[in-house]
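Participant: give me a 3D structure for the following:
(one chain, ligands or ions: 1)
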Amino acid sequence: MNSKLSLIANKVYADQRISREEAVDLYASNDLAILSKLATYVRTKKAKENYKKAVWWNTNLHLNPTNVCIGFCNFCAFAKRPNEEGAYTMTIDEATQKAVRGYELGATEVHIVGGLNPKAALPYYSELLGSIKSKVPGLHIKAFTAVEIAFFAKLTKKTPSEVLAVLREAGLDSMPGGGAEVFAKSVRDDTCPDKIPAEQWLSTHYEAHKQGLKTNATMLAGIGENFEDRIDHMLLLREQQDRSLALDSGCFQTFIPLSCHYEDTDIADQVEPITGIEQIKNIAISRIVLDNFDHIKAYWVQLGHKMAQLALHFGADDIDGTVVDEKITNAAGSGKKATQAEILQNLIRGAGFIPMERDTLYNVLDRKNDRDLVLSFN
Ligand code: V47
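Facilitator: Numbering: from 1, shown residues only. Down below sits the predicted model:
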């Protein structure tokens, strides 16, 4: 191990935070063995007693009620212009039926996000959430990126906080981590100029946390960012999480390092595709830097089953879920439809860990007796 790495290792083992420069040094190193050791140290330290070897998964479906989007992101293959071929907006009944069907098949969570569509904004989603909750009150609704919340706020002339309050009243239970992409202004300007800037993304999550919601955070790697941009992204999240944890209400639960897929995107010819080594580094380095996040997710939809398995030895303790009906990464060529619960569990066991089914808030689910029996954990 070189001397820089051994200084970093000493800090991690002494439970000290590493600096920006040290985190960048971790990216520059190809010593994957030390990354695995350090990330696994942090992962194990953060896991609750009796759950040190647990890997979390859930039974979930994705629901994208509309792909119509007035924003432009050069990495997105999912969005369509209002009159473009393939543009769709589900009726409330159609979207509700998909959620109900998912619940009947065992889902405990529906992950709802969509394009920025003026015709499917706050009134539409308030009705949809109410409709889903009236039919399947037990289905957890994890919905809306901060970008969508800001869009609804602009259209209705409400504050993001007021929009969140309306949606919570309608049935919103938590928020996913999308829309973060890479916080650096230069990267946002090049790739997703219509998206809210970093400060607004972070402040919207802070508002959600103030209202008691748990949320996630993502970073989309492979869109032309450099190592410093990735570390700065993580450091902004770490600072925000410090502020949010001080509230003692809501906070970030999970960080999800995403990897760009390029098929049918405008970015395809402009960047070097992200490599497997970088995917593993994103998992490990985020686990080390984000010492105030409880969970790191290896999103199998983007990593593939085998890389997700490997990521469990680099600090990830969550593999997402069955993910029925994923459309965003599939539009960009992932070719990864749903994975059966049994296969997910075998992947986790095959990597040497213990599969633990969770609900969205990381309560342990035991299906032996009852589909929804929650063993107290949180
Ligand atoms: O924000 C868009 C990304 C995100 C592409 O919170 C792409 O539990 C790859 O946020 N290639 C949405 N990625 C997905 C997301 C998510 C997924 C799973 C779990 C959770 C969670 C959140 O997908 C977008 C964007 O960053 N994305 N286009 C693409 N071509």
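Participant: what residues does this protein put near the ligand?
Facilitator: 75-77, 145, 176-179, 181, 216, 218, 220, 256, 258, 260-261, 265, 299, 302, 320, 328-329, 332 (C-beta under 6 Å from any ligand atom). All C-beta atoms are positioned from the backbone trio N, CA, C, and that covers glycine.
Participant: low pLDDT regions in the protein?
Facilitator: Scanning the chain for pLDDT under 70 picks out 368-378.
Participant: would you point out which residue of it is nearest the ligand?
Facilitator: Going by C-beta to the nearest ligand atom, the ligand is nearest to G178 of the chain, at 2.7 Å.
Participant: for the closest residue to that residue other than its chain neighbours, give me its contacts.
Facilitator: Nearest non-adjacent residue to G178, counting by C-beta to C-beta, 6 or more residues apart in numbering: T145, 4.0 Å away. T145 makes contact with V113, M175, P176, G177, G178, G179, according to C-beta atoms under 8 Å, 6 or more residues apart in numbering.
Participant: neighbour count and distance to H62 for these - can I get that in JSON lines?
Facilitator: Below are those laid out as JSON lines (neighbours: other C-beta atoms under 10 Å; distance: C-beta to C-beta, whole Å):
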{"residue": "V113", "neighbour count": "22", "distance to H62": "8"}
{"residue": "M175", "neighbour count": "29", "distance to H62": "14"}
{"residue": "P176", "neighbour count": "22", "distance to H62": "10"}
{"residue": "G177", "neighbour count": "23", "distance to H62": "14"}
{"residue": "G178", "neighbour count": "21", "distance to H62": "11"}
{"residue": "G179", "neighbour count": "23", "distance to H62": "15"}
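Participant: what's the single longest helix in the chain?
Facilitator: helix 227-247 (DSSP state H).
Participant: what does that one contact?
Facilitator: So helix 227-247 is contacted by 17, 20, 23-24, 27-28, 180, 182-184, 186-187, 198, 202, 205-206, 209-210, 217, 219, 221, 225, 250-252, 255, 282, 285-286, 289-293 (C-beta under 8 Å, 6+ apart).
Participant: are any of the residues you listed buried, and which?
Facilitator: 23-24, 27, 180, 182-184, 187, 198, 202, 205-206, 209, 217, 219, 221, 225, 250-252, 255, 282, 285-286, 289-293 (16 or more other C-beta atoms under 10 Å).
Participant: helices - which of these land there?
Facilitator: Mapping these onto helices (DSSP H) picks out 23-24, 27, 187, 198, 202, 205-206, 209, 282, 285-286, 289.
Participant: and these, which is closest to L63?
Facilitator: H205 (21.2 Å; C-beta to C-beta).
Participant: spatially nearest residue to the closest one, not counting backbone neighbours?
Facilitator: T215 (5.1 Å).
Participant: so what strands line up beside the helix or strand hosting the one you found?
Facilitator: Element membership for T215, per DSSP states H and E: strand 214-221. Paired neighbours of strand 214-221 in the sheet (DSSP bridges): strand 174-175 (parallel), strand 252-259 (parallel).
Participant: kindly reformat these as a markdown table containing distance to P123.
Facilitator: Shown next, in a markdown table, are the strands paired with strand 214-221 (distance: least, C-beta to C-beta, whole Å):
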| stretch | distance to P123 |
| --- | --- |
| strand 174-175 | 19 |
| strand 252-259 | 29 |
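Participant: list the buried residues of stretch 232-242.
Facilitator: Going by neighbour count (16+ other C-beta under 10 Å), the buried part of stretch 232-242 is D232, H233, M234, L235, L236, L237, R238, Q240, Q241.
Participant: sorry, that was for stretch 158-172
Facilitator: Buried-residue list, stretch 158-172, by 16+ other C-beta under 10 Å: K158, P160, S161, V163, L164, V166, L167, A170, G171, L172.
Participant: which residues touch the fifth one?
Facilitator: The reference is to L164. So L164 contacts I149, L172, T204, E207, A208, Q211, L213 (C-beta under 8 Å, 6+ apart).
Participant: ok, residues contacting the helix or strand containing S36?
Facilitator: Following DSSP H and E, one finds S36 within helix 32-46. The set of residues external to helix 32-46 that reach it, using C-beta under 8 Å, 6+ apart, is 1, 5, 8-9, 12-13, 15, 26, 29, 52, 277, 280-281, 283-285, 287-288, 291, 294, 296, 313-317.
Participant: just the CA trace of the following helix or strand past it, in CSV.
Facilitator: Sequence-wise, the next helix or strand downstream of helix 32-46 (DSSP H and E) is strand 54-58. Output in CSV follows, covering the C-alpha atoms of strand 54-58 (Å, rounded to 0.1, in the frame of the first residue of the first chain):
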residue,chain,number,x,y,z
ALA,A,54,-27.5,-8.6,6.0
VAL,A,55,-28.1,-7.4,2.5
TRP,A,56,-31.5,-5.6,2.0
TRP,A,57,-33.9,-6.1,-0.8
ASN,A,58,-37.6,-5.3,-1.3
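Participant: out of the buried residues of stretch 158-172, which sit inside helices?
Facilitator: P160, S161, V163, L164, V166, L167, A170.
Participant: is it true that the fifth one touches S126?
Facilitator: It refers to V166. Yes. Using C-beta atoms under 8 Å as the test, V166 is close enough to S126 to be in contact (6.0 Å).
Participant: how about the helices in the stretch 251-378 of the chain?
Facilitator: Under the criterion DSSP state H, counting those that start in this stretch, the stretch 251-378 of the chain contains helices at 276-289, 300-303, 305-311, 328-331, 341-350.
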